[in-house]
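Trainee: Provided below for reference: sequence and predicted model.
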Amino acid sequence: MTDGFAMNLLAIAAMGLATFAMRAGGYWVMGKVPITPRVRRMLEALPGSIVVAIVLPIMARAGLPGVLAIGAAAGTMLALRKELVAVGAGMLVAALSRLAGL
Amino acid sequence: MRSAQAKFTRVPSCQYASDLIARLRLRVPRKQRRLPHLSPGLLLQDFHAMSVAAESPAAPAFWSTAGLAEGARLALPTLPVLGVFAAAFGVVAAQNGLSLTEAVLMSAFMFAGASQFVAADIWTQPMTVAAIVTLTVVTATVNLRFVLISASLRPWLGGAPALQTYPALSLLTEPGWLMSTRYRSAGGGDIAVLFGIGLVTWVVWIAATIPGHVVGTLVADPRQFGLDLVMPCFFTAMLIPLWRGTRRAIPWAIAGVVALAVSFIIEGWWFIVAGATAGSLSAGFIDD
């Protein structure tokens, strides 16, 4: 086993532990203190906030093909409500726009 | 879209569990009643309704091996879509330089699609301590939503021994949570159902990572096929069903602005943590 692989394993183990802490954490905390309406609002806003915080900067880095691909994914999702089709449409538009040299 | 949940959240004043469940069935639109699929965060839309249902009186919690089989049966319809997403992760992992072993271990130890896609994108070689810290903090941020989900299971699992609850919680996913909460709201109390759903979806998730990784290593230029944009496209698709009107989207806008600003100022992936934290905190100060 190389040092590099050991570090990779350490990274995976750390991420696994962090994920378990989240899965067990809410249940555990609920046994200690109730979740207030404010905390609940904050947790409810979290998934959307994470998605936007990830997508916008990546889109900005990817340039025009990124904007077109994400627009296509959003449009397809709005129309069909199927994640897999939306992802496929986004990839297709990204591939085509790069083929066109955008 | 928002009306179904908005109306339902006013319901808890009603007295009878059966009334609650009847209202639940009436209020949740058909679209949302179909069997769930692995879309991180997506199913929080059912949170209010489901958490109320989970607190309604039902059989006391217990554990049986028959429950494992029942959970496995409940999970079956979700497996094809789950497999496709795991394979997509395999492709992205291969493209970002993870070995097959590392991709499979990540699927096994994390078992959380959204955070795995992000982790594969952030993955750097050689791995440094700083990168491990970044990966861990970002993973915790993306998976913070599990806090809310597992908290909603407290009324059901609360009385059971830790040896029965924590293994089941360790394999908790959104579709598994939704399926088991439906089982609970129908009067079931077997904790092994939750664990059974977790085990079956976990095994399929790990197994389906492998063919995805094999395909991923065969593609020379991922950008040519738009493979580098799989994760943001997937996340964008997840965002659409989370829409609850403009007011609820204000924290998202704040998250987006902060993330963009931070991404231009600070190198690396801290914009995720900064944006998500800003959005979430702001929601605490916006009243419903």
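Mentor: Done, it's in. Everything numeric here is computed off the predicted structure, so don't read it as measured data.
Trainee: quick one: low-confidence parts of chain A?
Mentor: Across chain A, the ranges flagged by pLDDT under 70 are A:1-2.
Trainee: find the residue at the geometric middle of it.
Mentor: A:V51 (5.2 Å; C-alpha atoms, centre = their mean).
Trainee: by contact count, what packs against the longest helix along chain B?
Mentor: Looking across chain B with DSSP state H, the single longest helix is helix B:191-218. With contacts defined as 3 or more C-beta pairs under 8 Å, 6 or more residues apart in numbering or on different chains; DSSP states H and E, helix B:191-218 has these neighbours: helix B:65-75, helix B:79-95, helix B:100-109, helix B:154-157, helix B:162-170, helix B:174-185. No exception for glycine: its C-beta is placed from N, CA and C like everyone else's.
Trainee: quick check: A:A45 vs chain B, distance?
Mentor: Using C-beta to the nearest C-beta, to the nearest Å, we find A:A45 at a distance of 3 Å from chain B.
Trainee: and that residue, helix, strand or coil?
Mentor: Using DSSP: H, G, I helix; E, B strand; the rest coil, the structure places A:A45 in helix.
Trainee: flag every buried residue along stretch B:244-255.
Mentor: Using 16 or more other C-beta atoms under 10 Å in any protein chain shown as the test for burial, stretch B:244-255 gives B:R244, B:R248, B:A249, B:P251, B:W252, B:I254, B:A255.
Trainee: mind checking which helix or strand the third one is in?
Mentor: For B:A249, the host element (DSSP states H and E) is helix B:246-265.
Trainee: which parts of stretch B:208-218 are buried?
Mentor: So for stretch B:208-218, counting by 16+ other C-beta under 10 Å, buried means B:A208, B:T209, B:I210, B:G212, B:H213, B:G216.
Trainee: ok now the longest helix of chain B, how far from the chain's centre?
Mentor: 15 Å (C-alpha atoms, centre = their mean, to the nearest Å).
Trainee: rounded mean pLDDT for it, please.
Mentor: Averaged over helix B:191-218, pLDDT sits at 95.
Trainee: so what does the next helix or strand after that helix touch, helix or strand wise?
Mentor: Sequence order places helix B:230-239 as the next helix or strand after helix B:191-218, per DSSP H and E. Judged by 3+ C-beta pairs under 8 Å, 6+ apart, helix B:230-239 is in contact with helix A:37-80, helix A:83-99, helix B:79-95, helix B:113-122.
Trainee: re the thing from before, out of the buried residues of stretch B:244-255, which one has the weakest pLDDT?
Mentor: Among the buried residues of stretch B:244-255, B:R244 has the weakest pLDDT, 83.
Trainee: what kind of secondary structure is that one in?
Mentor: Recorded secondary structure, B:R244: coil (three-state DSSP).
Trainee: that one and chain A, how far apart?
Mentor: Counting by C-beta to the nearest C-beta, the gap from B:R244 to chain A is 9 Å.
Trainee: next one: B:E70
Mentor: B:E70 is 21 Å from chain A, where distance means C-beta to the nearest C-beta.
Trainee: could you list the low-pLDDT ranges of the stretch 51-200 of chain B?
Mentor: B:51-58.
Trainee: so which strand or helix has A:A6?
Mentor: Per DSSP H and E: A:A6 is located in helix A:3-30.
Trainee: any idea which of the helices and strands packed on helix B:230-239 is most buried?
Mentor: Stretch with highest mean neighbour count among the helices and strands packed on helix B:230-239: helix B:113-122 (a mean of 25; mean count of other C-beta atoms under 10 Å in any protein chain shown).
Trainee: right, and the helix or strand after it?
Mentor: Going down the chain from helix B:113-122, the next helix or strand is helix B:129-142, by DSSP H and E.
Trainee: run the angle between that next one and helix B:113-122 for me.
Mentor: 160 degrees (axes from the mean of the first three to the mean of the last three C-alpha atoms, to 10 degrees).
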